[in-house]
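# Need coordinates for the following:
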Amino acid sequence: MDEGALRGLCRRPAVKARAGQLEAAIEWIRAREPAEREMVVARPVNGQGDTLLHFACRNAHAVELVTALLQLTTDVAVAAAVNRRNKVGHTALHEAALSGAADLVPLLLSCGADVNRTKQADWTALHLAASRAENLATLLALLAAPGRRVDLQNRDGWTPLHVACQQGDAQMVSALLSADPTQVGVMSTTGSSPVMTAALHGHQATVQLLLAHGASPTHENSSGWNVYASAVAGGHHALLAFLRTADPEQFRAVVQGYRNALGQSLLHMAAHIGDGDVFFATTPADALATLILLLSENQTVEALGARDKYGATPLHLAAKAGHAAHARTLLKYGADPEARDHRENTPLILAERFQHAETARILRAVASPLQSKDTVN
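Reported below is the predicted structural model:
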């Protein structure tokens, strides 16, 4: 049979499968000759390299239907079909993991699916299951698989535990820690730990669980971020309050002594939450509350006037980001509106340059006549 004839043969069941009519597709295939059946079941049916099995698992069809589909061909062809990758590297098991089809996992594994096979960017089925909180049952089914590995890292160095910490389901995190407690200390390619990932996204219960399992709150990644900096970057006021209560002395020491790779203190980071690379803020109110909490621990002249590697103070960063409430708060606590960075910019100059009218108005009200003249020039 030539290529055109094969495509024509596969088209009808593929259309039915895409429409969610897998049972009708199976009945159509069952009426074909044995040789044709095998070709239709195992062969990609679209330009993305999907087989009918990919469609069945992606749409989380019933076990009985997927079993019937697999029974239309030989054992050898089934083993090949369950591990066939589409153009993004997904096997049927990847599709089942992503769609939350927990009941399909044992079936695919019994047919020879490789639980550790990776897709593009080196994600395993466990990574995919961990990416969605509603897929807990699927994750547990994969963890029960013989030979499954929870330590495999994707291209960014993330384990399934990192992925689970990003979306924040404490039950998933607990299951992965039970499978291998040492995963709590595995770092990504940038040196980020799972607990830092959880803190960045504000998942307090997950952070608490990981700390109880020995995660370090002071470990720093390649950008100099630790758990505290991650919580500040996200504007997660409630999480910071929890960290302060958990260890007041360590919290105070970090607030007063921390500097990231850019020379920024936690006050610097809080001053420009939502600007540039620091983009995980929840709400403006949380962002402002985060700044105020840090000021309650460190409101000295030295802290307010601290310079990063570019000579910027926290007030410079608030002005550049256009955070009027942050600028007003820093001024209230004693920040110097006349301070200049390494390029001779005052906070007012930055607010004007980046066209933040409200922030500029606040800073102009406290500016010296000379500084006001600078901004006009």
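
# list the contacts for residue 244?
251, 293, 297 (CB atoms under 8 Å, 6 or more residues apart in numbering). Where you see a C-beta, it was placed from the backbone N, CA and C, and this is true even at glycine.

# wait, I meant residue 203
Counted by CB under 8 Å, 6+ apart, residue 203 has contacts 165, 168, 170.

# okay, the residues you listed in TSV with neighbour count and pLDDT next?
Shown next, in TSV, are these (neighbours: other CB atoms under 10 Å; pLDDT from 0 to 100):
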residue	neighbour count	pLDDT
165	33	98
168	18	95
170	19	96
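
# Can you add distance to residue 243 and give those back as TSV?
Converted to TSV, the contacts of residue 203 look like this (distance: CB to CB, whole Å):
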residue	distance to residue 243
165	16
168	16
170	17
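
# from those residues, which is closest to residue 325?
Residue 325 has its nearest neighbour among these in residue 168, at 27.4 Å by CB to CB.

# wait, doesn't that closest one sit right on residue 133?
Yes - between residue 168 and residue 133 there is a contact under CB atoms under 8 Å: 7.3 Å.

# In helices, which of the contacts of residue 244 appear?
251, 293, 297 (DSSP state H).

# returning to that earlier point: out of the contacts of residue 203, which one sits closest to residue 127?
For the contacts of residue 203, the nearest to residue 127 is residue 165 (12.2 Å; CB to CB).

# and the one helix or strand that closest one maps to, what other elements does it pack with?
Of the helices and strands defined by DSSP states H and E, residue 165 is found in helix 160-167. Under the contact definition 3 or more CB pairs under 8 Å, 6 or more residues apart in numbering; DSSP states H and E, helix 160-167 sits against helix 125-130, helix 170-179, helix 194-200.

# And for the second one, what's in contact with it?
Pointing back at helix 170-179 there. Against helix 170-179 from outside (CB under 8 Å, 6+ apart): 130, 133, 136, 139-140, 143, 150, 160-161, 164-165, 183-184, 194, 198, 203, 205-206, 209-210, 213.

# which among the residues you listed end up buried?
Buried members of those, scored by 16 or more other CB atoms under 10 Å, are 130, 136, 139-140, 143, 150, 160-161, 164-165, 183-184, 194, 198, 203, 205-206, 209-210, 213.

# Can I get the helices and strands packed on helix 160-167 in CSV including distance to residue 154?
Conversion of these to CSV gives the following (distance: least, CB to CB, whole Å):
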stretch, distance to residue 154
helix 125-130, 6
helix 170-179, 15
helix 194-200, 13
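
# out of these, which comes closest to residue 79?
helix 125-130 (16.8 Å).

# other SSEs contacting the next helix or strand after the closest one?
Once the chain leaves helix 125-130, the next helix or strand it forms, by DSSP H and E, is helix 136-143. Packing partners of helix 136-143 (3+ CB pairs under 8 Å, 6+ apart): helix 92-99, helix 104-110, helix 125-130, helix 170-179.

# So which residues make contact with helix 136-143?
96-97, 100-103, 105-106, 115, 125-126, 129-130, 148, 150, 160, 164, 169, 171-172, 175-176, 179.

# hmm, 10 Å instead?
For helix 136-143, the external contacting residues (CB atoms under 10 Å, 6 or more residues apart in numbering) are 60, 93, 96-106, 108-109, 115-116, 124-126, 128-133, 135, 148, 150, 160, 164, 169, 171-172, 175-176, 178-180.

# Okay, angle between it and helix 92-99 too, please.
150 degrees (axes from the mean of the first three to the mean of the last three CA atoms, to 10 degrees).

# start the count at 42, not 1, going forward
From this message on, residue numbering opens at 42, which makes the last subject helix 177-184.

# next one: helix 177-184 to chain centre, how far?
Put simply, helix 177-184 sits 20 Å off its chain's centre (CA atoms, centre = their mean, to the nearest Å).

# where does the stretch 192-341 of the chain have low pLDDT?
When residues are selected by pLDDT under 70, those of the stretch 192-341 of the chain lie in 315-322.

# With adjacent residues omitted, what lies nearest to the residue positioned nearest the centre of the chain?
Centroid check for the chain by CA atoms, centre = their mean gives residue 207 as the closest residue, at 4.4 Å. Closest residue to residue 207 apart from its sequence neighbours, by CB to CB, 6 or more residues apart in numbering: residue 238 at 5.3 Å.

# What average pLDDT does stretch 123-134 get?
Across stretch 123-134, the average pLDDT comes to 95.

# measure that stretch end to end?
This stretch, stretch 123-134, spans 7 Å end to end (CA to CA, to the nearest Å).

# one step back: could you check the angle helix 177-184 makes with the helix holding residue 206?
170 degrees.

# show me where the stretch 42-191 of the chain has helices.
In the stretch 42-191 of the chain, the segments counted as helices under DSSP state H, counting those that start in this stretch are 44-59, 63-71, 75-83, 93-99, 104-111, 116-123, 133-140, 145-151, 166-171, 177-184.

# Distance to residue 355 added to those helices, as a markdown table?
Listed next are the helices of the stretch 42-191 of the chain as a markdown table, based on distance: least, CB to CB, whole Å:
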| stretch | distance to residue 355 |
| --- | --- |
| helix 44-59 | 54 |
| helix 63-71 | 59 |
| helix 75-83 | 62 |
| helix 93-99 | 49 |
| helix 104-111 | 57 |
| helix 116-123 | 56 |
| helix 133-140 | 42 |
| helix 145-151 | 50 |
| helix 166-171 | 37 |
| helix 177-184 | 41 |
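
# Of these, give the one that comes closest to residue 345.
helix 166-171 (41.7 Å).

# Pull the contacting residues for residue 135.
Residue 135 touches 95, 98-99, 126-127, 129, 154, 158-160, 164-166, 168-170, counting by CB under 10 Å, 6+ apart.

# just the residues you listed now: which is nearest residue 284?
Looking across those and measuring by CB to CB, the closest to residue 284 is residue 168, at 27.9 Å.

# residue contacts, that closest one?
135, 138-139, 159-160, 162, 191, 193-195, 199-205.
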